[in-house]
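Student: Sequence plus predicted model, see below.
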Amino acid sequence: MKTDYLYTTVHNRVDDIQLEPDSSYIYCKSAEERSHFVGQLISKNFKDVHFIQIEDVDTEKIKHLESNKEFFLKSSVNMFELIGTYNSKKIYIDVTGIDNRVCAALIKNAIDYNDQGKSEKVIVVYAEPGLYDIKKFKTESVFNNLAEKIDGIYPLPGFATIFPHDEDDVSLIALLGFEGGRFSHMLETVQPPRGSVIPIIGVPGFRPEYPHVAYWGNRRPLEDTEAWRQIKFAAANSLVEVYMLLTNILSKKPTFKIKLAPIGTKPHAIAAMLFAIKHPRIVELIYDNPKRKKARTEGMGNIIECLISELIKNN
């Protein structure tokens, strides 16, 4: 049963977005054109809505541009201070221009903040890309297509659960994008038991041809591990659908531990974070920390709001 409508609102135009009063809206502008739509929101002068612009300082810190104050991603005290800058009851996190390491820290602490009764709801906002630059994916084994390099696999801030490599009851669930090199790197590092790899591919993938590109980019590791036999599908732009799919997979293997690799779309990565928050003892998030090229997409598609505080409470 589709449950997106319970938690998700899709906007075709920025003008359709109505931010609630008594809100804080956390965002970051990146080189991606779509991350700049927040300027249109600011110009609408919503009543009692506070905009908190952040930027990366390094892999461990971010900065609030208005106050020029730095915050450590691994410090819940710091993150609570940033999230609660205006003591707002509704927290919006616009993940469009935010790196996954920063997303992880913000979302984990925003959910904790909400659990402690400091806010009424937490909402993720995401602007879809209009178009990915996928020209190079027609060349086999291209790795430096969307990412310039990989820093290595180490925990995202706030997600430090680590399982031993020699445990037999561990499944690797990989949320795949176009970059087969990243999937191969995950497999080489994690070395999961044969038959324990479950790939998830986003469909329709913003554009109809993207699932085929994902297959092509990942075909070598899919063939080598025979993981193609266990491929699952979920809407590329729906974090709700991926979250529910992961919940369903867990229900069929309740004794298994899961290594979860969010190397696909941003909504899939957010869903992985929420799933790891919900199941901290049995889910290990593994992330390869890519250094992104400046331009990966063109234009902007739909803008999606998802009420993640209710999603994680109810499921």
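Tutor: Received the coordinates, thanks. Given the structure is predicted, the values throughout are model-derived calculations rather than measurements.

Student: how about the helices of the stretch 151-300 of the chain, start to end?
Tutor: Ranges of helices within the stretch 151-300 of the chain are 180-190, 210-225, 239-252, 266-278, based on DSSP state H, counting those that start in this stretch.

Student: possible to save these as CSV with mean pLDDT, mean neighbour count and distance to residue 38?
Tutor: To be clear about C-beta, it is placed using only N, CA and C from the backbone, and glycine gets the same treatment. Converted to CSV, the helices of the stretch 151-300 of the chain look like this (pLDDT from 0 to 100; neighbours: other C-beta atoms under 10 Å; distance: least, C-beta to C-beta, whole Å):
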stretch, mean pLDDT, mean neighbour count, distance to residue 38
helix 180-190, 85, 20, 28
helix 210-225, 81, 19, 25
helix 239-252, 95, 20, 19
helix 266-278, 96, 26, 15
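
Student: For residue 88, which of those helices is the nearest?
Tutor: helix 266-278 (20.4 Å; C-beta to C-beta).

Student: For that closest one, name the packing helices and strands.
Tutor: Under the contact criterion of 3 or more C-beta pairs under 8 Å, 6 or more residues apart in numbering; DSSP states H and E, helix 266-278 touches helix 100-115, strand 121-132, strand 170-176, helix 239-252, strand 257-263, strand 283-285, helix 308-314.

Student: Of all those, which one is nearest residue 162?
Tutor: strand 283-285 (5.9 Å).

Student: List of residues touching that closest one?
Tutor: 104, 155-156, 159, 161-163, 257-262, 272-273, 275-276 (C-beta atoms under 8 Å, 6 or more residues apart in numbering).

Student: so how far is residue 15 from residue 269?
Tutor: Per C-beta to C-beta, to the nearest Å, residue 269 is found 28 Å from residue 15.

Student: The helices of the stretch 151-300 of the chain: which one's closest to residue 59?
Tutor: So among these, helix 266-278 is nearest, using C-beta to C-beta, at 16.6 Å.

Student: so what's residue 86 up against?
Tutor: Contacts of residue 86 (C-beta under 8 Å, 6+ apart): 24, 50, 52.
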